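Novice: Mind looking at a prediction? Sequence and model below.
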Amino acid sequence: MTSNTEHTKAVQHEVPIIDISPFVRGDDIEAQRRVSKELAKKASANGCVGISGHGISADLLAEAFGVTKKLFDLPYTEKMKAPHPNGPTPHRGYSGTGRERGAAKTETEEWNDVAKEASTEITDYKETYEIGSDENKIQYNIWLPDDVFPGFRTFTTKLYWEMHKTAMSILEALISSLDLTEEEADNVRKLHTGYDSQLRLAHYPPIPGDRVTDPRASRLGAHTDWSSFTLLFQDENGGLQFLDRASNEFIDAVPKDGVLYMNIADMFQRISNGFYPSALHRVIIKNSTASRYSIPYFVPPSGDGLIEPQPSRVEKDGKRVYEPVTFNEYATRMFETTGYAKQNDK
Ligand SMILES: O=C(O)CCC(=O)C(=O)O
Ligand SMILES: [Fe+2]
């Protein structure tokens with residue numbers, strides 16, 4: 001297998017869907033092998049795949065979207081009782097619309113002119129609430145006082161750890177798909193303990209009339225995620241799109257019952273020596289009068305762990321595509337690029 005930068009890939013017109021249940025159940029080794037082969041084939045094209053059989057129940061998901069809506073329905077002054085700080089750390093708590101510009105990072109990358117054009121001057125329009133594990137003392141949680149939203153902390157903590165379980169099943173499938181040695185597989189597992197992940201509740205409000213006609217208006221500009229990989233649930237409004245690298249066109253991640261979308265992010269691109277590309281994605285406006293909600297779960301490696309192409313992959317590819325880096329170094333660089341504006345809007 002050659003590195004990602006060298007293979008020619010067939011055009012994908014839609015995001016492929018894979019049933020991951022053999023890894024969630026952890027029983028049938030033959031079925032797991034089949035799934036990991038399918039994953040290698042389908043997700044190596046664009047770094048994205050829809051996943052069914054992920055183990056998150058429909059009831060839990062319905063409650064998660066109910067809680068998300070209730071959170072963002074609170075008055076701004078109440079949400080601001082858990083404000084995200086005016087700096088990158090901890091990346092936790094509530095951020096009002098207009099604070100983050102994911103696409104700012106894309107504009108600095110040279111590799112893809114179409115993506116660059118798609119992201120230039122795009123302004124995001126969303127509000128978010130970030131949640132981590134209470135064990136993480138650097139990225140410590142910023143909770144709303146319990147009387148502002150009784151039960152919010154308990155529920156979102158449960159959701160965080162349920163999504164972690166799914167994330168670990170997906171990590172096993174990714175590890176298996178790369179054919180790593182046992183030692184490499186263990187190293188990659190140890191980088192993902194669960195304490196560093198980030199659950200995001202996101203609300204994309206209806207777009208005000210004067211913005212709808214602005215060609216630069218978007219819900220979220222094109223970007224890649226920084227972590228290892230991301231799981232994402234979205235509501236029925238849709239709008240999430242991934243770049244198909246063969247055609248240079250964005251394809252819809254169509255909302256489907258029982259399907260989450262998984263995308264490879266910058267760290268796993270490096271770990272896999274580019275076999276899995278970090279997926280370029282964005283959220284376009286499908287229905288400007290509707291609120292859109294989504295729930296991404298970012299799975300970064302531990303901040304000081306060494307992120308490097310795994311030696312067996314380098315050997316197969318005949319060259320090492322990426323230099324070693326720690327996630328902390330990388331994230332610092334990224335925050336310098338995207339900036340983090342002060343809270344000043346509603
Ligand atoms: O809301 C979505 O569908 C995408 C969110 C996303 O890409 C992000 O938060 O990084
Ligand atoms: Fe993203």
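Specialist: Yes, it's here. Ligands and ions are numbered 1, 2, ... in the order given.

Novice: Show me the shaky parts of the stretch 201-346 of the chain.
Specialist: 338-346 (pLDDT under 70).

Novice: go again using 80 as the cut-off
Specialist: Within the stretch 201-346 of the chain, the segments meeting pLDDT under 80 span 209-218, 335-346.

Novice: residue contacts, Gly258?
Specialist: Residues counted as contacts of Gly258 (CB atoms under 8 Å, 6 or more residues apart in numbering) are 52, 58. Every residue, glycine included, has its C-beta placed from N, CA and C.

Novice: So it: helix, strand or coil?
Specialist: Per DSSP: H, G, I helix; E, B strand; the rest coil, the local secondary structure of Gly258 is coil.

Novice: and the gap between it and ligand 1?
Specialist: Plainly put, Gly258 is 17 Å away from ligand 1 if you go by CB to the nearest ligand atom, to the nearest Å.

Novice: For the closest residue in space to Pro277 that isn't next to it in sequence, give me the pLDDT.
Specialist: In this structure, Pro277 finds its nearest non-sequential neighbour in Gly47, 4.3 Å apart by CB to CB, 6 or more residues apart in numbering. pLDDT, Gly47: 98.

Novice: Tell me how many other residues crowd Gly47.
Specialist: Applying other CB atoms under 10 Å, we find 27 residues neighbouring Gly47.

Novice: Kindly report the same for Trp161.
Specialist: Residues lying near Trp161 (other CB under 10 Å) number 12.

Novice: How about it, nearest residue that isn't a chain neighbour?
Specialist: Gly194 is the one closest to Trp161 (CB to CB, 6+ apart), at 7.5 Å.

Novice: surely that neighbour meets Met168?
Specialist: Yes. Counting by CB atoms under 8 Å, Gly194 does reach Met168; the two are 7.5 Å apart.

Novice: Tell me how far Gln241 lies from ligand 1.
Specialist: To ligand 1, Gln241 is 9 Å away according to CB to the nearest ligand atom.

Novice: who touches that residue in this structure?
Specialist: For Gln241, the contacting residues are 250-253, 281-284, by CB under 8 Å, 6+ apart.

Novice: now, the most widely separated pair of those?
Specialist: Ile251 and Val283 (13.4 Å; CB to CB).

Novice: now the helices for the stretch 201-346 of the chain?
Specialist: Along the stretch 201-346 of the chain, counting by DSSP state H, counting those that start in this stretch, helices occupy 209-212, 266-271, 311-317, 327-338.

Novice: List the contacts of the residue nearest to Trp161.
Specialist: 133, 161, 164, 167-168.

Novice: one more time with 10 Å
Specialist: Neighbouring residues of Gly194 by CB atoms under 10 Å, 6 or more residues apart in numbering: 133, 135-136, 160-161, 163-165, 167-168, 299.

Novice: which of these count as buried?
Specialist: Of the members of the contacts of Gly194, the ones counted as buried by neighbours, 16 or more other CB atoms under 10 Å, are 133, 136, 160, 163-164, 167-168, 299.

Novice: Look up which residues are beta-bridged to the residue of the chain found nearest ligand 1.
Specialist: Going by CB to the nearest ligand atom, ligand 1 is nearest to Ser294 of the chain, at 3.3 Å. Taking DSSP bridges as the rule, Ser294 bridges to Ala202, Gln234.
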